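Chemist: Turn this into a model:
(2 chains)
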Amino acid sequence: MSAVETAEPGERTAAPVVTPRITPLSAAQHGALLTWRSLLKIKRNPEEILGLTFMPLMFVALFVFVFGEAMMGDWQAYRDLITPGIIAQSVIFATIGTGVALNTDIEKGIFDRFRSLPVARSAPLIGAILGDLVRYLLTVIMVLLVAVAIGYRPEGGVIGVVAAIAVVMSFAFALCWLSAFMGLLLRTPMAVNIFGSVWMFPLTFGSSAFVPTDRMPGFMQTFAEVNPVTHVIDAMRELLAGEAVGDSLLWVLVWIVVISAVFFPLATRAYRRRT
Amino acid sequence: MTDAIRAEGLVKRFKGQTALGGVDLTARTGAVLGVLGPNGSGKTTTVRILSTLLQPDSGHATVGGYDVVREPHQVRRQIGLTGQYAAVDEDLSGTQNLVLIARLLGFSRPAARARSAELLDHFVLSFAADRPAKTYSGGMRRRLDLAASLVGRPSLLYLDEPTTGLDPHSRNELWDVVRSLVGEGVTVLLTTQYLEEADQLADDIAVLDRGKVISRGAPDELKARAGAQVLQVRPVESARLEQVARIVEAVTASEVRSGEGTANASVTDTAVMPEVVRRLDDEGIEVSELTLRRPSLDEVFLALTGHTAQTAPEGESNDDGASGAAETERTPA
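Modeler: Purely as a prediction, here's the structure:
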């Protein structure tokens, strides 16, 4: 490793070709390249693959076969009830990963490397979030496949399934800005993980995911009924079952707008500050 | 020829603490500027400002003629940055890391692959090209990090404590790489805590202490000020240390510091060594240690500032309320 050729003699003396600023096209290319990086990481990381395959399998199988008979006297009926809930829960938990990954990249100096290159400033954030959306989608598909394998048949057909996935993905997209904000605000990946999970538990379990809300005690019922996760799950249920879509879809849209309106600016501001 | 880096009066404060209190630096094109200082002296903060990662509160700096605040994009096109912590993506392979950076720099796919293969070959990493970087040893990671900073053929390279935590063999390899880069005309800004490293590599040295440049010059000038070498004598009988100190003082004509059973004095002329031996022999003093060594950073600081190099409790003050980890925490285990 004695000689490291950095440039041809002629090249070295020539002034570097400088484009005055980053064009939208190159910014998009940078974003796409860093999305590719995020996707490579899924493939490279055994924990990710385990999280994407094993966890949905366990969740569906355990909930359906452990609680099914006790809850409804019929595990098939319970399976149909909770499949949308497990999809939503898995995706919502997966959003924590967005903040953890951002925090890790910053902590390890990887963002510094990107930022010392003539790369669009937004590209690392865009790459991380687009890559994560793919991760969320894989999670949704895995849970659905496991549910179908044990006999789940969504009545809503392809359109219903696609619409339900669109609903939960849109909600996850809004939530990932909250996760990104925490990832940029907190000091360590561990802290992001803990703060991320702590409020996810009441949100996902205190919803219509596993138990009909009218079977909960008063205060819990009130909480569950305003909980956005309940609206997401109810909207998914209606779409998956091919039923008429009620107010829940409207509420989901309202929540998506509210969450994004608050956390998108907060996350991008924290990003500008921290990077 | 213009200077590659020109920084004037850089000031940076973090939460009321002054990390840089007006730093002036000049790096001549094609030369190695060594920035020498202990943890917390502001080395990393300086590098982060000069590499556009951080904005100074006041003062200004140009890199390759471009202003680091107003024209960061043009600055970034010319620089490569390697930190003391290896900023490579551990989940990606060596090839993927380098290809990603090449593609971000606008290389076509085949050109990116070719450049990656070329660098992996130069840095003796071809054998591990397709392995995730997390399986690399510390030295390999540092080499990959350096390769990553060279993908775009930068004309200016920042090396922030490149050998901290490396074993002597890896350190020597890295020094060779730096020398060969300089041979090709690359300007290098190197920060280090080791006088020896600055002495080995740098053409000019700036000594940083508590956010200020307290001394600058060629290594020889600096050593002339701090004493080129330190004579260290340890008598077998520690009771005779005072006697030894008197002899050393008489021969070297410089101030003697005694402590931990040894007498230490700066020497500029190595001819004092036999004289000291003769005098010790005359007095019948047996010694268990008699060495000429390079002054430590502490001794340089003592000579230059009158106080020893003090490490800030929080490590390097690169705590910009954002990057979080202090310099010391970033040193890989």
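
Chemist: Is the spatially most central residue of chain B bridged to anything, and to what?
Modeler: Residue closest to the average C-alpha location in chain B (C-alpha atoms, centre = their mean): residue B:192, at 1.6 Å. Beta-bridge pairing for residue B:192 (DSSP bridges): residue B:36.

Chemist: Residue of the stretch 151-275 of chain A closest to chain B, please.
Modeler: residue A:274 (3.8 Å; C-beta to the nearest C-beta). C-betas here are computed from N, CA, C, even on glycine.

Chemist: ok, back up a step: need the contact list for the residue nearest to the centre of chain B.
Modeler: Going by C-beta atoms under 8 Å, 6 or more residues apart in numbering or on different chains, residue B:192 touches B:34, B:35, B:36, B:161, B:162, B:163, B:198.

Chemist: Phi first, then psi, for the residue of the stretch 51-200 of chain A found nearest chain B.
Modeler: Residue of the stretch 51-200 of chain A nearest chain B, by C-beta to the nearest C-beta: residue A:109 (3.6 Å). Note on residue A:109: backbone dihedrals following degrees, to the nearest 10 are phi 90, psi 10.

Chemist: again, but for residue B:293
Modeler: phi -130, psi 170.

Chemist: Run through the bridge partners of the closest residue in space to it that isn't next to it in sequence.
Modeler: Setting aside the residues directly before and after it, residue B:293 is nearest to residue B:230 in space (C-beta to C-beta, 6 or more residues apart in numbering or on different chains), at 5.4 Å. Under DSSP bridges, the beta-bridge partners of residue B:230 are residue B:266, residue B:293.

Chemist: and residue B:230, how many neighbours?
Modeler: 20 (other C-beta atoms under 10 Å in any protein chain shown).

Chemist: For the residue of the stretch 1-150 of chain B found nearest chain A, give me its contacts.
Modeler: Closest to chain A within the stretch 1-150 of chain B is residue B:87: 3.6 Å, counting by C-beta to the nearest C-beta. The neighbours of residue B:87, taking C-beta under 8 Å, 6+ apart as the test, are A:108, A:109, A:110, A:112, A:113, B:145, B:148.

Chemist: ok, of the residues you listed, which one's closest to residue A:242?
Modeler: residue A:110 (45.5 Å; C-beta to C-beta).

Chemist: export the helix or strand containing residue A:233 as PDB, just CAs?
Modeler: Using DSSP states H and E, residue A:233 maps to helix A:228-240. The C-alpha atoms that make up helix A:228-240 are tabulated as PDB, following Å, rounded to 0.1, in the frame of the first residue of the first chain:
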ATOM      1  CA  PRO A 228     -55.600   7.000  15.900                       C
ATOM      2  CA  VAL A 229     -54.400   3.400  15.800                       C
ATOM      3  CA  THR A 230     -58.100   2.300  16.400                       C
ATOM      4  CA  HIS A 231     -59.100   4.400  13.400                       C
ATOM      5  CA  VAL A 232     -56.400   2.900  11.200                       C
ATOM      6  CA  ILE A 233     -57.300  -0.600  12.300                       C
ATOM      7  CA  ASP A 234     -61.100   0.000  11.800                       C
ATOM      8  CA  ALA A 235     -60.500   1.500   8.400                       C
ATOM      9  CA  MET A 236     -58.300  -1.500   7.400                       C
ATOM     10  CA  ARG A 237     -60.900  -4.000   8.700                       C
ATOM     11  CA  GLU A 238     -63.600  -2.400   6.600                       C
ATOM     12  CA  LEU A 239     -61.400  -2.300   3.500                       C
ATOM     13  CA  LEU A 240     -60.100  -5.900   4.000                       C
END
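
Chemist: what's the following helix or strand after it?
Modeler: helix A:247-274.

Chemist: before we move on, the earlier item: helix/strand/coil for the residue of the stretch 1-150 of chain B closest to chain A?
Modeler: For residue B:87, the assignment made with DSSP: H, G, I helix; E, B strand; the rest coil gives coil.

Chemist: How about the contacts made by residue B:23?
Modeler: Here residue B:23 is in contact with B:7, B:9, B:10, B:11, B:42, B:46, B:59, B:208, B:211, B:212, B:213 (C-beta under 8 Å, 6+ apart).

Chemist: As TSV, the contacts of residue B:87 with pLDDT and distance to residue B:120 would be great.
Modeler: Shown next, in TSV, are the contacts of residue B:87 (pLDDT from 0 to 100; distance: C-beta to C-beta, whole Å):
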residue	pLDDT	distance to residue B:120
A:108	86	21
A:109	85	21
A:110	88	19
A:112	86	22
A:113	88	17
B:145	92	13
B:148	94	11
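
Chemist: Please, a ChimeraX command that selects the buried ones among those?
Modeler: Buried members of the contacts of residue B:87, defined by 16 or more other C-beta atoms under 10 Å in any protein chain shown, are picked up in ChimeraX with:
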select /A:108,109,110,112,113 /B:145,148
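
Chemist: Just the ones of the contacts of residue B:87 in helices?
Modeler: Secondary structure from DSSP state H places A:110, A:112, A:113, B:145, B:148 of these in helices.

Chemist: Of all residues in chain A, which one is nearest the centre?
Modeler: Note: chain A centre (C-alpha atoms, centre = their mean) maps to residue A:95, 3.6 Å.

Chemist: Make sure that one is actually in contact with residue A:175.
Modeler: Yes: Residue A:95 lies in contact with residue A:175 (C-beta atoms under 8 Å); the separation is 4.6 Å.

Chemist: Just the helices from the chain, written as ranges.
Modeler: Because you didn't say which chain, this covers chain A. Under DSSP H, chain A gives helices at A:9-13, A:24-44, A:46-62, A:68-72, A:75-94, A:96-107, A:110-115, A:123-149, A:157-185, A:189-205, A:218-226, A:228-240, A:247-274.

Chemist: look at chain B instead
Modeler: Using DSSP H, helices in chain B cover B:43-50, B:72-76, B:94-104, B:109-122, B:138-150, B:168-183, B:195-201, B:219-226, B:241-252, B:272-282, B:297-305, B:327-330.

Chemist: what is the rounded mean pLDDT of the fourth one?
Modeler: Taken as a whole, helix B:109-122 has a mean pLDDT of 95.

Chemist: same deal with the third one?
Modeler: For helix B:94-104, mean pLDDT is 95.

Chemist: now do the longest one
Modeler: Taken as a whole, helix B:168-183 has a mean pLDDT of 89.

Chemist: What residues of it count as buried?
Modeler: B:170, B:171, B:173, B:174, B:177, B:178, B:180, B:181, B:182.

Chemist: give me the subset of those residues touching chain A.
Modeler: Restricting the buried residues of helix B:168-183 to those touching chain A (C-beta under 8 Å from any C-beta of the partner chain) yields B:173, B:177, B:180, B:181.

Chemist: Which residues of the stretch 101-250 of chain B lie near chain A?
Modeler: Checking the stretch 101-250 of chain B against chain A by C-beta under 8 Å from any C-beta, the hits are B:101, B:103-106, B:118-119, B:122-124, B:132, B:143, B:148-150, B:152-155, B:173, B:176-177, B:180-181, B:184-186.
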